[in-house]
Structures are given as structure tokens and as C-alpha cells.
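1. Just a sequence and a predicted model for now, questions to come.
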Amino acid sequence: MSRVDGAGDGYVVGVDFGTLSGRALVVRVRDGAELGTAVHEYRDAVISAALPGGRPLPPDWALQNPDDYRDVLRHAVPAAVAAAGVDPARIVGIGIDFTACTVLPTLADGTPLCEVPELRDRPHSWVKLWKHHAAQPHADRVNALAHERREPWIGRYGGKISAEWQFAKGLQILAEDPEVYRRADRFIEAADWIVWELCGVETRNVCTAGYKGIRQDGHYPSADFLAALDPGFADFVTKLDGPLLPLGARAGTLTARAAAWTGLPEGIAVAAGNVDAHVTAASAQAVRPGRMVAIMGTSTCHVVNGTHPAEVAGMCGVVDGGISPGAWGYEAGQSGVGDIFGWFVANAAPAGVDSHERLTELAAAQPVGAHGLVALDWWNGNRSLLVNHDLSGMIVGLTLATRPQDVYRALLESTAYGTRMIIEAFADAGVAVDDLVIAGGLTTNELLMQIYADVTRRPLNIIASAQGPALGSAIHAAVAAGAYPTIHEASEAMGRVHEAVYRPDPDRARAYDALYAEYRALHDHFGRGGDDVMLRLRAIRNAAVDAAARNQTELEVVG
Ligand SMILES: Nc1ncnc2c1ncn2[C@@H]1O[C@H](COP(=O)(O)OP(=O)(O)O)[C@@H](O)[C@H]1O
Ligand SMILES: O=C(CO)[C@@H](O)[C@@H](O)COP(=O)(O)O
């Protein structure tokens, strides 16, 4: 471990901007000790039914209000510093991580278009959250054209870019609200936008530019390719381009305005933006090749460093330096995990057993396979390996004897099968996954963790911090402040992990192999063209919802 003198005795702040809230964490540079934390819930949370002004939104939309992010700086950061009881003058840097691809259109000075009064009532002027899935037809167009033209970059995205990513979301804006598209001088990840708010300098980070923005080998897709998608889209890259920073770099220093919001000293280092999943590799001491981190919360992201770029079918992407400089970072993911369990608790579990804790307790008391169920975990579409957000969930094997805890357990298991599919896809492509570290809120569910160990047949290491992303951001802040020369060294000193907490049980693992074979069969049948019933149902639903909205508008006009 080597530490650069000077900043090493101070503190850093990591801020994790999640789906519903932002969390700030004050950390000691010397050893990563977590001294104080605070959370601020977003006032507008996820905007999916109607804009704050009342305008209704179509299905599959998910927006956010950028001022909620500023509120995290105004409230959570000072509260975390107060909780830590440290002298703010000894804080030497701040780093952030964000959900991604969470992206917004802005004016040239960074003003979000939804804060421009005449554009406030326009849905496309707001932040599109990562789980905004209404851009699927646009992702389909990008993918079809990329294959037709044999674009070299499509292999770096497992053969398909996701509807969640920047190009699909940008195309949707152009198609549905060309004026908002035209007014957007910049189209920027929220990760980079909040860094801009902190230091007054617009930068882009290699992580989001690579995974969410199709930047490979120093280039975005060509203007020619973009014009072939739509002549009006040829200039899209000019809205994305900006000074590109490696992870751990210093984007700038804290402005007087941001110092007033946060109570931190003006002029301290502000680290380049990062993604909640990728930044967690640092806190989980998982920046060496072959150690995969699964960050399990509302969704799961899987990130692993590799030594070379390989084409893993259906992965989210591989990016040079995307997790840490000097390695090829791979990402895959499942768009719904805790959200699926949450859906069951909120919508399907009867009173009396409608809590994760109670259902988990009841679900644990049965041998593997006794419920007779297999589920597909596509309640929020499929991000890897099928990359289609029009797919949906299903449960096979229901009978009159099926109990709520049986369904709950089948849902837990379905997500473990989804993770095993991803690990096997990496292995098939020659990307080693020697080791798994689990991070995120779901690590507290012991049954779930044991199921993952049994299904994947791997020992599970568990991150030793309840704040993996925020600690990772603090580690990046320490590097940006010059306290450590590299993320590797900072991660070694400040990150922590409990090794082999859950081990696979051979009998349960064998029993799960049989269920996993059924999952694979269903996965391929409903996801790889055996029967496109899910896609047809989605089209029928969309048509019905559109017709109802048109009727409503006509009634209002007549009325
Ligand atoms: N005991 C539990 N078992 C399984 N799932 C849970 C449990 N408690 C919460 N969840 C689910 O976990 C998710 C929240 O995870 P968390 O890591 O806290 O959030 P985020 O992904 O936003 O950081 C929610 O979707 C919730 O339904
Ligand atoms: O997709 C990514 C990262 O690439 C995540 O930000 C996204 O799944 C949101 O993650 P959370 O489950 O809200 O932590």
C-alpha cells in the first residue's frame, strides 16, 4: 500500500445517487473507516405516471427531477458531515456515483431543459432514468442498422445495445419531440451533470461514455451511421462530446456555490463521475481480473475486469478502463431483481405475510424444488443476455396448493438462474469469473445469498460495507485528491470484503441444476424466438393504452 503524503490524513465524501434517494458517506482516507452517513429521499422519486405539472405519461416511462439531485448535495452531505463529527476543513475531496444510463438534455451552460419555463411541460425535457424503457423501438433500429452495416462496435455490446442507453433515448427524443432535441445543446449523463454542478466544469467519464454512450477505441458511432438512422440525428455526438476523463481523475475543484450547498471547503478535489455498479468494484476490493461483483438491489449489475476485450454474447458492454484504468471492464445486468420481490410483497402477498422478512422465513422452510415452480425474472425486461425490455415475467407450475412463500422463493431463485446464465456467457467467451463478491441491499437476505451460492455453485464473498457505492465514490475521491496514486492502491487500503461467507451445498446445487435446466429451456423458448407471445402481448397492451389515451383526449376536446 502506498499513500501520497498530505491528503492522507484527511477525509473524503462519497455520494451515491440511487433510484429513489441519494446517500452521502464521510470516510477516512487512511483506512476507509466510515464515520458518518445520511440519506435524502428524492421528492419526485420516479416520475412514471404524470409529470409534476400533471401531464400524463405513456407506459414504460421513468423520469426524474434534477433538482432532487441538488437537494442531496444540500441536505445529505452536510448531514453526513455532522453525523461524522469531523471538521469540514479536513475534507479533501468528493466523489459521486449515479445510476446509469440516467441522462438529461441541457442548455450549453448545463441548465436542464426541464428547468426552462416553456419546456417544463414537455416530457422529453426531463431526466430519463435508467429504467425508462419506452425507447425499445429505437434501440431495435440502432441494433438492426449496426448489424446491417457490420459496425465494429456492436460486438463490444454483446451484439445489442439496450433501450436504456443514450443512443436509444436520444433517438426517442428526436422522433417524438424534435424541438426539445434541437434545444438540447448537451445530452449528458446525470453522473457528469452533477459533477458539473459541483465544480463548474463540464467533463465526461470513460465509464458512462463507453458503456452507455457507445464510445469505443476513441470514437463514437460515425455521423454517417447516425444520419442513416435519421438525418436529424447526424449531430447527436456533438451533444455528447466533452473532455473525457479516466476514472479516479480530478474533474475540477469545488465551486463556492457547491461549497455553500454542501458545507465542504471550496477548492477541494471533485472526482470524475462514475456509475454505482462500477464504482463498487473499488470498495469490494474487486479490481483484479476475474473477481466479479454483483451489486444486488432494485436491479443487479455484474461487473468484472478482464485482461483483454472479448465479445460476450448479450453482455452490456466491455470498455477499456471502464472499471479501473489499465483493464478491460465488463458489465452485464438484470433490470429487475429486488424490484420483483418488492412487486410481489406489494401486489400479490396476502395481508399477514406481506413483508420480505416473513416471506423469506416461510420460504426457507422447504427443500429445493418442493414448490414445483420455475419463474422467468423479466418483470422489468431483460438487460442481459437477451437485451429486450419488451419481455415480461412468468411463473410455471402454479397449482391450487401453491402458497405465497412458494412464489416468493421461485422469484428469488429465478434471479439466481439469470445470474448463472450471465456467468456462463462470460465463461463461454473466455472471460474468467473465478470469484464472486456480492454487494448491495439484498446481501441482508441470507436465504437469497445461499440460493445464489447453490445455484451458481460458487462461494460468495460479501462486501464488508453496507454502503458499497458511496464508499467506492469516496475511494475515487481519495485518488482524485492525490491521496493514493491509483484506484488499485486506494481500494486495497480503503475497501473491504468478507471472504467465502456462503458456500454451495453439493446436494442443493445438484437439485438446482435440474431446475436451472428448466429455466434455460423457458428462457430460450420465450426469449429466443420459440414463441414471441410476450412481445405480442406488449404490442396489444400498448395499442390498448394508446387508444384509451386518444379517447380521453377526444372527450376533453369535446367537453
Ligand atoms: N429482505 C429483503 N429481501 C429481498 N428483497 C428485499 C428485501 N428488502 C428489500 N428488498 C428489495 O430490495 C430493493 C432495494 O434494494 P437497495 O439495495 O436498498 O436499493 P437500490 O438498488 O435502490 O440501491 C427493493 O427493490 C426491495 O423490494
Ligand atoms: O444500470 C446500472 C449501471 O450500469 C444501474 O445504475 C441501474 O441498474 C440502477 O441500479 P440500482 O439497482 O438502482 O442500484
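-> Right, received. Where do you want to start? Ligands and ions are numbered 1, 2, ... in the order given.
2. Verify the stated contact: residue 202 with residue 241.
-> No - judged on Cβ atoms under 8 Å, residue 202 makes no contact with residue 241 at a distance of 10.1 Å. The way it works is simple: take the backbone N, C-alpha and C, and place the C-beta from them, glycine included.
3. which residue ranges form the strands in the stretch 451-559 of the chain?
-> Ranges of strands within the stretch 451-559 of the chain are 460-463, 497-502, based on DSSP state E, counting those that start in this stretch.
4. Out of those, which is the most enclosed?
-> Among those, the stretch with the highest mean neighbour count (mean count of other Cβ atoms under 10 Å) is strand 460-463, at a mean of 22.
5. List the strands paired with that strand, with their directions.
-> Strand 460-463 has its sheet partners listed here by DSSP bridges as strand 435-439 (parallel), strand 497-502 (antiparallel).
6. can I get those strands in TSV with distance to ligand 1?
-> Listed next are the strands paired with strand 460-463 as TSV, based on distance: least, Cβ to the nearest ligand atom, whole Å:
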stretch	distance to ligand 1
strand 435-439	9
strand 497-502	15
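7. quick one, which of those strands is nearest to ligand 2?
-> Smallest distance to ligand 2 across the strands paired with strand 460-463 (Cβ to the nearest ligand atom): 9.8 Å, for strand 435-439.
8. For the strands paired with strand 460-463, give me TSV that also has mean pLDDT.
-> Putting the strands paired with strand 460-463 into TSV (pLDDT from 0 to 100) gives the following:
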stretch	mean pLDDT
strand 435-439	95
strand 497-502	96
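9. Dump those to JSON lines, plus distance to residue 103.
-> JSON lines is the format used below for the strands paired with strand 460-463 (distance: least, Cβ to Cβ, whole Å):
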{"stretch": "strand 435-439", "distance to residue 103": "24"}
{"stretch": "strand 497-502", "distance to residue 103": "31"}
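10. Relative to residue 483, which of those strands is closest?
-> strand 497-502 (20.9 Å; Cβ to Cβ).
11. Which pLDDT value goes with residue 358?
-> Per-residue confidence (pLDDT) for residue 358: 98.
12. Counting neighbours, what do you get for it?
-> Neighbouring residues of residue 358 were enumerated by other Cβ atoms under 10 Å; the total is 16.
13. cool, residue 85 as well?
-> Neighbours around residue 85, by other Cβ under 10 Å: 9.
14. quick one: contacts for residue 354?
-> Contacts for residue 354 were tallied using Cβ atoms under 8 Å, 6 or more residues apart in numbering; they are 345-346.
15. tell me the SS of it?
-> coil (DSSP: H, G, I helix; E, B strand; the rest coil).
16. for residue 52, same thing?
-> coil.
17. Enumerate every residue touching it.
-> 44, 65.
18. repeat for residue 435
-> Residue 435 neighbours (Cβ under 8 Å, 6+ apart): 290-292, 458-459, 461.
19. That one pairs with what?
-> On the basis of DSSP bridges, residue 435 is bridged to residue 291.
20. and it, how far is that from residue 102?
-> 29 Å (Cβ to Cβ, to the nearest Å).
21. lowest confidence element among the helices and strands of this structure?
-> helix 533-558 (a mean of 86; mean pLDDT, DSSP states H and E).
22. Could you check which of residue 202 and residue 241 has the larger neighbour count?
-> residue 202 (19 against 14).
23. any idea how far that one lies from residue 251?
-> Distance from residue 202 to residue 251, by Cβ to Cβ: 9 Å.
24. Between those two, which contacts overlap?
-> Joint contacts of residue 202 and residue 251 (Cβ under 8 Å, 6+ apart) do not exist.
25. Show me the helices in the stretch 251-400 of the chain, by range?
-> With DSSP state H, counting those that start in this stretch as the criterion, the stretch 251-400 of the chain has helices at 256-262, 276-283, 338-347, 356-364.
26. Would you tell me which residues of the stretch 1-150 of the chain are close to ligand 2?
-> By the rule Cβ under 6 Å from any ligand atom, the part of the stretch 1-150 of the chain lying against ligand 2 is 18-19, 99-100, 130.
27. Just the closest of those to residue 189, please.
-> residue 100 (6.0 Å).
28. backbone phi and psi for residue 284, please?
-> With angles defined as degrees, to the nearest 10, residue 284 sits at phi -90, psi 10.
29. mind checking how far it is from residue 486?
-> For residue 284 relative to residue 486 (Cβ to Cβ), the value is 16 Å.
30. Number of residues surrounding the residue of the stretch 351-500 of the chain found nearest ligand 2?
-> Proximity of the stretch 351-500 of the chain to ligand 2 (Cβ to the nearest ligand atom) peaks at residue 440, 6.7 Å away. Residues contacting residue 440 under the criterion other Cβ under 10 Å number 24.
31. cool, residue 314 as well?
-> Residues lying near residue 314 (other Cβ under 10 Å) number 20.
32. nearest residue to it other than its sequence neighbours?
-> Counting by Cβ to Cβ, 6 or more residues apart in numbering, residue 314 lies nearest to residue 385, which is 2.8 Å off, once chain neighbours are set aside.
33. Residue 514 too?
-> The nearest residue in space to residue 514 (Cβ to Cβ, 6+ apart) is residue 369, at 7.2 Å.
34. Would you check that the one you found makes contact with residue 508?
-> No - counting by Cβ under 8 Å, residue 508 is not a contact partner of residue 369; they are 9.5 Å apart.
35. of those two, who's got more company?
-> residue 508 (18 against 15).
36. Looks like the more buried one contacts residue 454 (just checking).
-> Yes - Residue 508 lies in contact with residue 454 (Cβ under 8 Å); the separation is 4.2 Å.
37. any residues in contact with both of those two?
-> Common neighbours of residue 508 and residue 454 (Cβ under 8 Å, 6+ apart) are residue 368.
38. can you pull the contacts of residue 475?
-> Neighbouring residues of residue 475 by Cβ under 8 Å, 6+ apart: 12, 14, 27, 32, 95, 279, 282-283, 487, 490-491, 494-495.
39. Filter those residues down to the buried ones.
-> With burial judged by 16 or more other Cβ atoms under 10 Å, the buried subset of those is 12, 14, 27, 32, 95, 279, 282-283, 487, 490-491, 494-495.
40. Next step: those restricted to helices.
-> Using DSSP state H, 279, 282-283, 487, 490-491, 494 are the members of the buried ones among the contacts of residue 475 that sit in helices.
41. Including pLDDT, could these go into JSON lines?
-> Output for those, formatted as JSON lines (pLDDT from 0 to 100):
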{"residue": "279", "pLDDT": "98"}
{"residue": "282", "pLDDT": "98"}
{"residue": "283", "pLDDT": "98"}
{"residue": "487", "pLDDT": "98"}
{"residue": "490", "pLDDT": "98"}
{"residue": "491", "pLDDT": "98"}
{"residue": "494", "pLDDT": "98"}
